[in-house]
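**Student:** Give me the fold of what follows.
(chains A and B)
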Number of protein chains: 2
Amino acid sequence: MTRPLSIGVAGLGTVGAGVLKLLSDNAALIAARAGRPIIVTAVAARDRARDRGVPLEGLRWHTDAVMLAHDPDVDVVVELVGGSNGPAKALVEAALAAGKPVVTANKALMAVHGAVLAKQAEAAGVTLAFEAAVAGGIPAIKGLREGLAANRILRVVGILNGTCNYILTCMRDQGREFADVLAEAQALGYAEADPSFDIDGVDAAHKLAILAALAFGRPVDFDALYVEGIRNITALDIKLAEELGYRIKLLGIAAAVEGGISTRVHPCMVPVSHPIAVVDGVYNAVVAEGDFAGRVVLEGRGAGAGPTASAVVADLIDIARGRSTPVWGAGTADLARIPNVPMEQHRGAYYLRLMVLDRPGVLADVTGVLRDHAISLESMIQRGRAPGEAVPIVLTTHECQEAAMRAALTRIAALASVLEPPAMIRIETL
Amino acid sequence: MTRPLSIGVAGLGTVGAGVLKLLSDNAALIAARAGRPIIVTAVAARDRARDRGVPLEGLRWHTDAVMLAHDPDVDVVVELVGGSNGPAKALVEAALAAGKPVVTANKALMAVHGAVLAKQAEAAGVTLAFEAAVAGGIPAIKGLREGLAANRILRVVGILNGTCNYILTCMRDQGREFADVLAEAQALGYAEADPSFDIDGVDAAHKLAILAALAFGRPVDFDALYVEGIRNITALDIKLAEELGYRIKLLGIAAAVEGGISTRVHPCMVPVSHPIAVVDGVYNAVVAEGDFAGRVVLEGRGAGAGPTASAVVADLIDIARGRSTPVWGAGTADLARIPNVPMEQHRGAYYLRLMVLDRPGVLADVTGVLRDHAISLESMIQRGRAPGEAVPIVLTTHECQEAAMRAALTRIAALASVLEPPAMIRIETL
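**Tutor:** Model (predicted):
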């Protein structure tokens, strides 16, 4: 057996402790699959006193994470600090500059700085691996970048944030409102005290940016994404969606469309018959469509110490075996410059729900505005009658352009008989 | 760019033609991802005259496939001949002996001779890759062997035969009987003229043997499998399953159980809420449970020229990039000798359907036999009443041992009031 692969782990939070536990629990099995033992020789974290549930004796301790890059007893740096800037970025850059392979779980870093980091890794001739950055324990990066490498990818769709999927699933199953379920999820530790990163779609967007770059072989471009979270989803819309044969999911979608690539994260209505509609709770899923492979669905746990550690150590085993893949699937010189199609040019079907005053002429006003913007209706439901009071009207449209829909919604919202801002959810037939 | 990787393709059936088409259609993309062009320089097939829909000009043509192993212009041999013996085996052995990497789609070969071939590949220091042998376009081998490499795998479950899944789906959706749907599938080309290989579970068993070896890190052992096909599934059982909250699927299951590993292929009742229950038609799925990653589901097209070619070329890209993994995930010296637990020792719940004469005492006879074998009932449905005529009785049991169930069924079948051989389907809660 070859000499052990020595790793240095920066960041000893839940995931860092999980990596240490996994490397210890499954040491023999990992050594067999890696062709040599993988051992932790050094760690970096600020608080040395905290009990992390894993033994840390005999490990060299750095308080400055960047020192791991310069520690002669560290072959590979594992970055679990998090954040797109600051110490995480400094550590990854220092490790690459020192010619050391890096394994990171940092989606923000890869989404925001991945294009530059890929060039640095390539120049240094070392691996920069990030399986844990997307969809936790699901081998999504490997599946897409290696498993489907022979395919022109037509579309990648993902449920990429477990917190949002958990909240939407609870709202549906229990008929409860968003704020109520979010508060409970926070109490249970399933959502952060500051939940914005998850529920406003930013976390899913980081992951989608990475998947889009891999799928279409272009440099990662986080700023190109359209991002919308789930704060405005109501229990009523979820119920109406079910009646129409849809489920509401927060999806990340990267698709080849006329004029380039469309990348967007927003709530979607998906047909209940699609595999992604039944991915519930904290589960994540990635659906890729290849021109030869067809539709491939990968589903599993998208977060948590165990699944994330599984992905980190898979990357370490690849490195121990000498398996390496360019960051974005091809050398940076071979990446394509495919234009991004802005959200205003998106074409699709829409669900609209209006709360209107039940009086004559309201429907004529609303449908007149839609007609003015060349939007044609697919269905309309007016539920119940309550003359002079508020009633919901639900409309679904045929395919139209986002810009036209936004213009129409502005005018509809201004109608005197429309009592609330209209709810608009995009329908994805996938 | 490095010099091209030259490949020789043996077998120019649907899959062989698909590989040539894929390498041609996506040549630029494949070259970027592989780091060099992948070009076909030689082919081997018997009938030179047949039009295969792909250009074959300028390729060296061998009528004896083994000659590809000795062709100096062939770097990598792609074996698409099929069959566990004969020319396929001779070619793979010759190529490994000549020090050439091999890519094969041959599940029978890998299931039956994979243990020996792994040693040959290891001795020669070359890659033997077989992503296309299991679940077509789904990166199941890569997902399990590399993506989940850090995990102790607790169980692998798969829908591994598209023909069976298609037939069972049609039977359910249309309420038709097996023979009827099979005949139609044959007419449509979805089932072979001699369908035994598919419907008797042999094809699924080849794939499960491979998955079991990868999951548990032991030499492949096809003979250890218990195999039962779908010929005896009736429309009535499918309907009754739905009423009980189950779907009937032909599953391959490899699981760590008391005393070793259980490997079996047979029809199962699975809860409708499990992801595998909604994998319909020709789609395949592989579900792996890792001790750290948790449950991972991989789903996609399990057969056909496009998906299979996608898997073959993914292996070629790995080889072009210098990425290699031991055949069974670890070196042959590191594989474990885990005993196989025979089917008689299987423990699980069972569904039984009896056609009985509707007269007093029948139930007492049946339940008496079950009691004698220490089998306790979970539920019983007797549908309708027709004194003196045949009526179905449906029983589900709590967990019991297969040997006890078989002994009980022999006695039940011999009861005078039991009119047909009992239908028995295993319930898997997964």
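
**Student:** Look up phi and psi at residue A:142.
**Tutor:** phi -60, psi -40 (degrees, to the nearest 10).

**Student:** residues touching it, list them.
**Tutor:** A:131, A:314, B:139, B:142-143, B:146-147 (Cβ atoms under 8 Å, 6 or more residues apart in numbering or on different chains). In this view, the C-beta of every residue, glycine as well, is placed from N, C-alpha and C.

**Student:** Name the nearest of those residues relative to residue B:426.
**Tutor:** Closest approach to residue B:426 among those (Cβ to Cβ): residue B:143, at 26.1 Å.

**Student:** Show me where the stretch 51-200 of chain A has its helices.
**Tutor:** For the stretch 51-200 of chain A, applying DSSP state H, counting those that start in this stretch gives helices covering A:67-70, A:87-97, A:107-124, A:140-142, A:162-174, A:178-188, A:196-199.

**Student:** Buried residues in the last one, which are they?
**Tutor:** Under the neighbour-count criterion of 16 or more other Cβ atoms under 10 Å in any protein chain shown, helix A:196-199 has A:197-199 buried.

**Student:** any idea how far it is from the chain center?
**Tutor:** From the chain centre to the centre of helix A:196-199 is a distance of 11 Å (Cα atoms, centre = their mean, to the nearest Å).

**Student:** ok, residues contacting that helix?
**Tutor:** A:161, A:163-164, A:167, A:182, A:191-192, A:202-203, A:229-231.

**Student:** Select only the buried ones of those in PyMOL?
**Tutor:** Those of the contacts of helix A:196-199 that count as buried under 16+ other Cβ under 10 Å are selected in PyMOL with:
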select buried, chain A and resi 161+163+164+167+182+191+202+203+229+230
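
**Student:** Next, format the contacts of helix A:196-199 as JSON lines and append pLDDT and distance to chain B.
**Tutor:** Below are those laid out as JSON lines (pLDDT from 0 to 100; distance: Cβ to the nearest Cβ, whole Å):
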{"residue": "A:161", "pLDDT": "97", "distance to chain B": "17"}
{"residue": "A:163", "pLDDT": "96", "distance to chain B": "17"}
{"residue": "A:164", "pLDDT": "97", "distance to chain B": "19"}
{"residue": "A:167", "pLDDT": "97", "distance to chain B": "20"}
{"residue": "A:182", "pLDDT": "97", "distance to chain B": "24"}
{"residue": "A:191", "pLDDT": "87", "distance to chain B": "20"}
{"residue": "A:192", "pLDDT": "88", "distance to chain B": "21"}
{"residue": "A:202", "pLDDT": "98", "distance to chain B": "25"}
{"residue": "A:203", "pLDDT": "97", "distance to chain B": "19"}
{"residue": "A:229", "pLDDT": "98", "distance to chain B": "26"}
{"residue": "A:230", "pLDDT": "98", "distance to chain B": "23"}
{"residue": "A:231", "pLDDT": "97", "distance to chain B": "29"}
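
**Student:** which among the contacts of helix A:196-199 gets closest to residue B:388?
**Tutor:** Nearest to residue B:388 among the contacts of helix A:196-199 is residue A:167, at 58.3 Å by Cβ to Cβ.

**Student:** so what's that closest one up against?
**Tutor:** A:178, A:181-182, A:185, A:191, A:199, A:230.

**Student:** buried set for stretch A:323-339?
**Tutor:** Across stretch A:323-339, burial judged by 16+ other Cβ under 10 Å covers A:323-332, A:334-335, A:338.

**Student:** Would you mind pulling the contact partners of that stretch?
**Tutor:** A:114-115, A:117-119, A:121-122, A:127-128, A:130, A:145-146, A:149, A:213-214, A:216-220, A:259-261, A:318, B:32-33, B:35, B:146, B:321-325.

**Student:** Any idea how far apart the tips of it sit?
**Tutor:** 32 Å (Cα to Cα, to the nearest Å).

**Student:** which bits of the stretch 1-150 of chain A sit near chain B?
**Tutor:** Counting by Cβ under 8 Å from any Cβ of the partner chain, the residues of the stretch 1-150 of chain A close to chain B are A:18, A:22, A:25-26, A:29-30, A:32-35, A:131, A:136-139, A:142-143, A:146-150.

**Student:** Out of the residues you listed, name the ones that lie in strands.
**Tutor:** For the residues of the stretch 1-150 of chain A next to chain B, not one is inside strands, with DSSP state E as the criterion.

**Student:** Show me where chain A dips below the pLDDT cut-off.
**Tutor:** Applying pLDDT under 70 to chain A flags the ranges A:1.

**Student:** mind redoing it with 90?
**Tutor:** Residue ranges of chain A with pLDDT under 90: A:1-2, A:46-51, A:55, A:57, A:188-193, A:273, A:336-337, A:358-361, A:381-390, A:429-430.

**Student:** So it: which segments form each domain?
**Tutor:** Domain segmentation of chain A under automatic domain parsing yields A:5-133, A:140-301, A:344-427.

**Student:** With distance to residue B:378 added, can I get those in JSON lines?
**Tutor:** Formatted as JSON lines, those follow (distance: least, Cβ to Cβ, whole Å):
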{"stretch": "domain A:5-133", "distance to residue B:378": "36"}
{"stretch": "domain A:140-301", "distance to residue B:378": "26"}
{"stretch": "domain A:344-427", "distance to residue B:378": "42"}
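
**Student:** and the helices of the stretch 51-200 of chain A, which is most packed in?
**Tutor:** Sort those by mean neighbour count, taking mean count of other Cβ atoms under 10 Å in any protein chain shown, and helix A:140-142 sits at the top with a mean of 28.

**Student:** quick revisit: the buried residues of stretch A:323-339: which two are farthest apart?
**Tutor:** The widest separation within the buried residues of stretch A:323-339 (Cβ to Cβ) is 27.8 Å, between A:323 and A:338.
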